[in-house]
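Enquirer: coordinates for the following, if possible.
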Amino acid sequence: MNDNNDYLARPTNQNLGHIAGNDGWPLFGRALSFYQDPHAICEQHYRDYGAVSRIAMGPERTLLALGPDNAQALHLDTTKNFSSEKGLERFSHLIGGSLIMKDFAEHRFQRRLMQTAFKTAAMREYAGAINEICARNVHAMANMGEFTLIKHVKQTLLEVAARVFTGVEGQGQEGDELTNAFERFVEAFDYIFPIDLPGFKYHRGIKAKEDIDRFIRSMIDHKRQNHDQDILAHFCREKNDEGKLFSDQDIAENFVLLLFAAQDTTTASLVNAFYELGRHPQWQHNIREESLALGRSDLSFEAVAGMPSAGLVFNEAQRLHASVPLFPRRSIRDCELSGIEVPADTMIMNVITFNHRMPEWWTDPLRFDPMRFERNEHKQHPFLFHPFGGGAHKCIGMHFAQYVFKTFLHHCLSHYRIRLADGYEAKYRYLPMSMPKDGLPLRLERI
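Expert: Presented below is the predicted three-dimensional model:
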């Protein structure tokens, strides 16, 4: 269904010697340095070589295409010259049949599957379960004394995924088995080598995907016949442009993608926001005042408009610690980026976290300052701030993610304050997602 898919069979171009850059070490390239600190590598390349430069990631060469202009060119792709499917080929065994891996007409076809599940009417249906799960888990965390946040946020969001995505209760054998498979699948995305043997992360992820696939397919016929309002039920009843139901394979593959996108990225958003809120208690106070002013224990989908401070904190946490730190594409034909000739079939990376910290665009870019979004710093360029992507591939679940984020904060800060250890400063890992290496130890103290 791609407009012209002969590019899918072609090998990746490695002939980039005409482009300035630094390949690094033989075999490893600059992959290890980039993994440890992509900001430093991007800053050095941008300073020494400009917006587009050559870099080797392992034995393969790719291009860094930095800055908002290149983000716009790659996201909008007005000439249909950049393939997401080939850019994300590394993850094809995990999410190969899903929306994010499709290009052009096939992408539009698959996107239709998800639309109804994220409309306002559907979001209202999810609110009760999301509030119940967030509230119960927040209060349980507060009773632990000091705990590691990432573990418990992950567990909370896996339970949200089980309930809201499939209608399965997160407590009990079926829910436990599903959330366990979810966790093994998500953990596989930062594999180093694709070794499909027992004991390796990649192998566990493949087996987890198979378990989830079987579970989802076993429910499809039932979901098509009932009136459930979970996300899987919406998928099962959605029809394509020809009025036909989507195939079982389309449903299962896109459900697995949704699991990863909604769970791991929202975990990163919450953990990074809690870190910044722990260091900036005034913003805790601002959100608390807005939550209490709502006069209700649960947060409806419409009520999020009454929490503007939470929205500012969400944006600033995403700016400093983007949940999706980069996005890859591969060129289909010869083209030009920032005045540099790019051959066909070349891998290209735009690094979102670098764009979000460029000093020529952002005031004091390393400082946590949510009010910069009130000052509209992000509106200087349409792709200066793009945590959810853009163009045809813009995240379809972004409002769902923001609602879960604000609901979790609402139940936390209306009852507790976030307390970090005195003098605590997080050491960050940046890939596959930006989060504190130690999982962020903290306490929740009753107000």
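Enquirer: okay, and Phe400 sits in which element?
Expert: helix 398-413 (DSSP states H and E).
Enquirer: mind listing the strands for the stretch 51-200 of the chain?
Expert: Taking DSSP state E, counting those that start in this stretch, the strands of the stretch 51-200 of the chain run over residues 52-57, 60-65, 82-83, 147-148.
Enquirer: just name the most buried of these.
Expert: Greatest average neighbour count among the strands of the stretch 51-200 of the chain goes to strand 82-83 (a mean of 26), per mean count of other CB atoms under 10 Å. (Each C-beta comes from the backbone N, C-alpha and C, glycine too.)
Enquirer: rewinding a little: would you turn the strands of the stretch 51-200 of the chain into CSV with distance to Leu413 and mean pLDDT?
Expert: As requested, the strands of the stretch 51-200 of the chain are exported to CSV (distance: least, CB to CB, whole Å; pLDDT from 0 to 100):
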stretch, distance to Leu413, mean pLDDT
strand 52-57, 40, 96
strand 60-65, 39, 96
strand 82-83, 41, 98
strand 147-148, 17, 97
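Enquirer: for stretch 431-444, list every residue counted as buried.
Expert: Of all the residues in stretch 431-444, those buried under the rule 16 or more other CB atoms under 10 Å are Pro432, Met433, Ser434, Met435, Pro436, Gly439, Leu440, Leu442, Arg443, Leu444.
Enquirer: show me which of these is closest to Glu425.
Expert: Among the buried residues of stretch 431-444, Pro436 lies closest to Glu425 (CB to CB), at 9.5 Å.
Enquirer: residues in contact with that closest one?
Expert: For Pro436, the contact set (CB atoms under 8 Å, 6 or more residues apart in numbering) comprises Ile150, Val271, Tyr275, Ala426, Lys427, Tyr428, Arg429.
Enquirer: contact partners for the fifth one?
Expert: Right, Lys427. Pro436, Lys437, Asp438.
Enquirer: name the nearest of the residues you listed relative to Asp6.
Expert: The closest of the contacts of Lys427 to Asp6 turns out to be Lys437 (CB to CB; 43.5 Å).
Enquirer: and the closest one, what pLDDT?
Expert: Note on Lys437: pLDDT of 95.
Enquirer: isn't it right up against Glu425?
Expert: No. Under the criterion of CB atoms under 8 Å, Lys437 makes no contact with Glu425, lying 11.7 Å away.
Enquirer: picking that back up, now tabulate the strands of the stretch 51-200 of the chain in CSV and tack on distance to Thr12.
Expert: Output for the strands of the stretch 51-200 of the chain, formatted as CSV (distance: least, CB to CB, whole Å):
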stretch, distance to Thr12
strand 52-57, 11
strand 60-65, 7
strand 82-83, 11
strand 147-148, 39
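Enquirer: what pLDDT does Gln171 get?
Expert: Per-residue confidence (pLDDT) for Gln171: 52.
Enquirer: also Ala129?
Expert: 94.
Enquirer: how many residues are close by it?
Expert: 19 (other CB atoms under 10 Å).
Enquirer: inside strands: which ones of the buried residues of stretch 431-444?
Expert: Residues of the buried residues of stretch 431-444 located in strands (DSSP state E): Met435, Pro436, Leu442, Arg443, Leu444.
Enquirer: tell me, how many residues neighbour the residue lying closest to Leu312 once chain neighbours are set aside?
Expert: Once flanking residues are discounted, Leu312 sits nearest to Pro370: 3.7 Å by CB to CB, 6 or more residues apart in numbering. For Pro370, the count of nearby residues is 21 (other CB under 10 Å).
Enquirer: returning to that earlier point: can you lay out the ones in strands among the buried residues of stretch 431-444 as a markdown table showing distance to Gly167?
Expert: Conversion of those to a markdown table gives the following (distance: CB to CB, whole Å):
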| residue | distance to Gly167 |
| --- | --- |
| Met435 | 30 |
| Pro436 | 33 |
| Leu442 | 33 |
| Arg443 | 34 |
| Leu444 | 30 |
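Enquirer: between these, which is closest to Asp77?
Expert: Met435 (29.7 Å).
Enquirer: ok, now which ones touch the closest one?
Expert: Ile150, Thr267, Ala268, Val271, Asn272, His321, Tyr428, Arg429.
Enquirer: any idea how far Trp362 is from the fifth one?
Expert: In other words, Asn272. 17 Å (CB to CB, to the nearest Å).
Enquirer: more neighbours: the two, which one.
Expert: The residue with more neighbours, out of Asn272 and Trp362, is Asn272; 26 against 21, by other CB under 10 Å.
Enquirer: touching stretch 140-152 from outside, list them.
Expert: So stretch 140-152 is contacted by 137, 267, 270-271, 274, 415-416, 421, 435-436, 438-446 (CB under 8 Å, 6+ apart).
Enquirer: go through that stretch and flag the buried ones.
Expert: Met141, Ala142, Phe147, Leu149, Ile150, His152.
Enquirer: to Lys239, which of the strands of the stretch 51-200 of the chain lies closest?
Expert: Using CB to CB, the nearest of the strands of the stretch 51-200 of the chain to Lys239 is strand 82-83, at 27.5 Å.
Enquirer: re the thing from before, with secondary structure, distance to Arg163 and pLDDT added, can I get the contacts of Pro436 in TSV?
Expert: Output for the contacts of Pro436, formatted as TSV (DSSP: H, G, I helix; E, B strand; the rest coil; distance: CB to CB, whole Å; pLDDT from 0 to 100):
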residue	secondary structure	distance to Arg163	pLDDT
Ile150	helix	21	95
Val271	helix	21	98
Tyr275	helix	27	98
Ala426	coil	30	97
Lys427	coil	34	96
Tyr428	strand	31	95
Arg429	strand	29	91
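Enquirer: now, of those residues, which are buried?
Expert: Buried by 16+ other CB under 10 Å: Ile150, Val271, Tyr275, Ala426, Arg429, out of the contacts of Pro436.
Enquirer: Ala65 against Met347, yeah?
Expert: No. At 10.3 Å, Ala65 does not count as touching Met347 under the criterion of CB under 8 Å.
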